[in-house]
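>>> What follows is a predicted protein model with its sequence.
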Amino acid sequence: MLDLVAKNLFLTKGKGVHEDRLTSFEYALRDAGIAGTNLVLISSIFPPNAKLISRKEGLKKISPGQILFTIYSKNQTNEPHRVCSASVGLAQPKDKTRYGYLSEYEAFGQNEIQAGDYAEDIAAQMLASSLGIPFDADKAWNEKRQQWLISGEIYKTHNITSATKGDKDGKWTTVFAAAVLLL
């Protein structure tokens, strides 16, 4: 039986601007370092025992044409100065033999910090609920984060986010964020 559980995972992001929408996306993938690969969008599980590695280390492990399993978020606009963001959040359990969660989030009008915090919050809420950690969904992110850290079950939360303003001349602007899983 073929084992497709990722051993490593890295985070990357990019931005692209072009008159053509698809080319703008291509430029964002180039900026993220993964344009020469075939992306397969998968659901949002951080595999048990997987190691989060640096973008630099991850990019060294991929080849042109390679099929990459990814959890990604993208957002696009051709409205001048419209703020758009794309984010992937992650939450890892303290027990590395358990799986964690990743989340995808896109928004208009949110900067990198706002979108990143929200994506991280989504991933942490999914992990907390799967571990049976009680939380109040109406509490602010920092209050929930404190509550989860006190529980001792959530090891780390993180996000990768790309945000920018739409091109001043109305060219397509794409933001892209991804978690790339490596087998």
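Arrived safely.

>>> need the longest helix for this structure.
helix 112-131 (DSSP state H).

>>> Select the helix or strand of this structure having the lowest average pLDDT value.
Taking mean pLDDT, DSSP states H and E as the measure, helix 141-151 is the helix or strand of the chain with the lowest mean score, a mean of 60.

>>> need the contact list for the spatially most central residue of the chain.
Among the residues of the chain, the one closest to the centroid is Val88, at 2.0 Å (CA atoms, centre = their mean). Contact analysis of Val88 by CB atoms under 8 Å, 6 or more residues apart in numbering lists 11, 71-73, 102-105, 119, 159-161, 177-179. Backbone N, C-alpha and C define where each C-beta goes, glycine included.

>>> just Phe69 next, same as before
Contacts of Phe69 (CB under 8 Å, 6+ apart): 4, 6, 40, 42, 180-181, 183.

>>> gap between stretch 80-93 and the chain center?
Once both centres are worked out by CA atoms, centre = their mean, to the nearest Å, stretch 80-93 turns out to sit 7 Å from its chain's centre.

>>> Can you show me the strands along the chain?
8-18, 38-41, 45-46, 51-53, 67-77, 83-93, 100-108, 154-165, 172-182 (DSSP state E).

>>> Ignoring the adjacent residues along the chain, who's closest to Glu79?
Leaving out its chain neighbours, the residue that sits closest to Glu79 by CB to CB, 6 or more residues apart in numbering is Gly166, at 5.0 Å.

>>> ok, now which ones touch that neighbour?
Gly166 neighbours (CB under 8 Å, 6+ apart): 77-84, 173.

>>> Select from the residues you listed the one having the most neighbours.
Counting neighbours by other CB atoms under 10 Å, Thr173 leads the contacts of Gly166 with 28 neighbours.

>>> Is that residue bridged to anything, and to what?
For Thr173, the beta-bridge partners are Val17, Thr77 (DSSP bridges).

>>> and the longest helix of the chain, what other elements does it pack with?
strand 83-93, strand 100-108, helix 141-151, strand 154-165 (3 or more CB pairs under 8 Å, 6 or more residues apart in numbering; DSSP states H and E).

>>> Report all helices and strands that the shortest one contacts.
So the one you mean is strand 100-108. strand 45-46, strand 67-77, strand 83-93, helix 112-131.

>>> So Lys165 versus Arg55, what's the distance?
For Lys165, the distance to Arg55 equals 24 Å [CB to CB, to the nearest Å].

>>> just Asn38 next, same as before
19 Å.

>>> what about stretch 96-104, average pLDDT?
The pLDDT scores in stretch 96-104 average 96.

>>> quick one: buried residues of it?
The neighbour-count check on stretch 96-104 (16 or more other CB atoms under 10 Å) flags 98-104 as buried.

>>> Any chance of the helices and strands packed on strand 100-108 in TSV with distance to His18 as columns?
Output for the helices and strands packed on strand 100-108, formatted as TSV (distance: least, CB to CB, whole Å):
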stretch	distance to His18
strand 45-46	33
strand 67-77	11
strand 83-93	15
helix 112-131	22
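
>>> Lovely, talk soon.
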